[in-house]
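A.B. asks: no FASTA, just this:
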């Protein structure tokens, strides 16, 4: 992935310029004894929400105040995803607005300025497409209700868009029902025939490909990419060279812009990082030394919001925050330069906050790391983060995943945060795997259909460059090592986590309320919802179908 900010000095200069402008405005108001300006109209309707209680230290059995982001959220990237909040304030701004002025700057404008100026982006049409599209409309808040209070948790004082209700994840046998469109039924029939009669499958697939299009409705679009992936698999099976079987290489800068487009349109990655950061903030409490171990770090800007929250704790800033970064496989075989840039960005941002910060890159392959590499000190509160990365280690054997989890356990962490896609694509046979993936991505494409118009070139670009590639890897040219896109559902992750000695930690009402606030920025029909899966998974769902799950463990 191309870096959004190749020059961290430029990044800090922009941030400081915005901060200086805000400080000058505040000084001018004080000189003239003027009250602060009223909020914009789109914020005023949210000012009737109950205020969030101030942050407190976290004695045993109590929950500290929620993760705060100031007057504007911080734009983050990490792991597989880049995401930043939509332009303008969100409903959360009315609640999380008590940070120090020195850190209360509009990070979306900050990041977008960097993107617009970055020399790595040569495609002016991409800039025009990405940055002139308005954000999703902010729906009116639903009626306020108070969630049930869990034992040992503070009550949630924020209104919620939808109660988090327990449901079961879709099983392979339910995939046919969820893919009821005729074109998807035909595609499922082709996948069944592929194993027993490839010639028949190829003949039937031709009619599906004639009806599928990347510019149609969600069913037609998802069929377009799955039919392409299945055609590639059939071509590899016959040994006949095919133009469809050639791999496309996506320019990293284009992929970065695709990530931004997706995460302006959909809340998936924002939900994951917001929820995980809240769990870390609560688990570390009033610790003076905090050590975050990030397995799968890329740019690391996801930690900006957490650094900001830790820097403004009522009990004072931590005396030191350290991040040990294990590079994501996405960075390739030589990640040193990438992590050096990540280190510089985080260090500059921490300096702006007045936080003593250290970043330690761990460049050896993950399977070669041991406890001694992390240099954990006795008085550090350790948090381990696996955010949309651990699935990369899945294979026909779970040994590598278990080794890494045992390594995490050896660090005696206060919390381990886990974010994963809620779909079973690992142990399932080809037919079930194809059906599971088709059901899953149909819903993802539906969510994009609500956020972006049918004729949107940026939607086509996101679906082709991001999801089309993932679908191709999930269907795979073959089995075993040929299959590189393996994901697992929450029940599988629960088994792995518990086998390695972890127990689940229920996410707090604060975490759920913040996730609800996030969803207010998306989808006026409220098709997004929060779903709780046993024993303690919180999932972002589309039409009650879980898509992305976050959990905390100890």
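C.D. replies: That came in fine, so what should we check first? As the structure is a computational prediction, the values presented were derived from the model and not from experiment. Residues are numbered from 1 along each chain as shown.

A.B. asks: C-alpha from now on. contacts and neighbour counts both.
C.D. replies: Fine.

A.B. asks: give the contact list for residue 489.
C.D. replies: Counting by CA atoms under 8 Å, 6 or more residues apart in numbering, residue 489 touches 420, 421, 422, 423, 424.

A.B. asks: In a strand, the fourth one, correct?
C.D. replies: This means residue 423. No - Residue 423 sits outside any strand when classified using DSSP: H, G, I helix; E, B strand; the rest coil, being coil.

A.B. asks: pretty sure it contacts residue 486?
C.D. replies: No - using CA atoms under 8 Å, residue 423 is not in contact with residue 486; the gap is 9.3 Å.

A.B. asks: Which one's more surrounded, these two?
C.D. replies: Using other CA atoms under 10 Å, the more surrounded residue of residue 423 and residue 486 is residue 423, with 25 against 22.

A.B. asks: Give me the phi and psi for that one.
C.D. replies: Note on residue 423: its backbone torsions stand at phi -160, psi 140 [degrees, to the nearest 10].

A.B. asks: Count the residues that sit near the closest residue in space to residue 543 that isn't next to it in sequence.
C.D. replies: In space, and not counting its chain neighbours, residue 543 is closest to residue 527: 5.0 Å by CA to CA, 6 or more residues apart in numbering. For residue 527, the neighbour count with other CA under 10 Å is 16.

A.B. asks: Begin at 12, not 1, for the rest of this chat.
C.D. replies: In the new numbering, first residue 12, that becomes residue 538.

A.B. asks: Look up how far residue 552 lies from residue 538.
C.D. replies: Distance, residue 538 to residue 552, using CA to CA, to the nearest Å: 8 Å.

A.B. asks: ditto for residue 360
C.D. replies: Counting by CA to CA - residue 360 and residue 552 are separated by 33 Å.

A.B. asks: for residue 427, same thing?
C.D. replies: 22 Å.

A.B. asks: More neighbours: which of those two?
C.D. replies: Between residue 427 and residue 552, residue 427 has the larger neighbour count (other CA under 10 Å), namely 29 against 22.

A.B. asks: what about the strands in the stretch 412-561 of the chain?
C.D. replies: Secondary structure of the stretch 412-561 of the chain (DSSP state E, counting those that start in this stretch): strands at 426-432, 515-516, 539-544, 548-553, 556-564.

A.B. asks: For residue 371, find the nearest of these.
C.D. replies: strand 426-432 (18.8 Å; CA to CA).

A.B. asks: filter the contacts of residue 500 to the buried ones?
C.D. replies: 431, 432, 433, 434, 435 (16 or more other CA atoms under 10 Å).

A.B. asks: unless I'm mixing things up, the third one is touching residue 497, no?
C.D. replies: Spelled out, it's residue 433. No - if you go by CA under 8 Å, residue 433 and residue 497 don't touch, sitting 11.4 Å apart.

A.B. asks: what's the burial count for the nearest residue to residue 197 once chain neighbours are set aside?
C.D. replies: If the residues on either side of it in the chain are set aside, residue 197 comes closest to residue 219, at 6.9 Å by CA to CA, 6+ apart. Look at residue 219: counted by other CA under 10 Å, it has 24 neighbours.

A.B. asks: Quick check, residue 219 in contact with residue 194.
C.D. replies: Yes - using CA under 8 Å, residue 219 makes contact with residue 194 at a distance of 6.5 Å.

A.B. asks: Which residues are in contact with each of these two?
C.D. replies: Residues touching both residue 219 and residue 194 by CA under 8 Å, 6+ apart: residue 234.

A.B. asks: distance of the closest residue in space to residue 422 that isn't next to it in sequence from residue 416?
C.D. replies: Spatial nearest neighbour of residue 422, chain neighbours left out: residue 382 (6.6 Å); criterion: CA to CA, 6+ apart. Distance of residue 382 to residue 416, computed by CA to CA: 12 Å.

A.B. asks: Those two - which one has more neighbours?
C.D. replies: Set residue 382 next to residue 416 and count neighbours by other CA under 10 Å: residue 416 wins out with 21 against 13.

A.B. asks: list the contacts for the nearest residue to that one once chain neighbours are set aside?
C.D. replies: Once flanking residues are discounted, residue 416 sits nearest to residue 511: 6.4 Å by CA to CA, 6+ apart. Residues near residue 511 by CA under 8 Å, 6+ apart: 413, 416, 417, 420.

A.B. asks: Next: residue 414.
C.D. replies: Contacts of residue 414 by CA under 8 Å, 6+ apart are residue 378.

A.B. asks: Can you tell me how far it is from residue 366?
C.D. replies: From residue 414 to residue 366 the distance is 33 Å (CA to CA).

A.B. asks: Buried residues, stretch 502-510. List them.
C.D. replies: 502, 504, 505, 507, 508.
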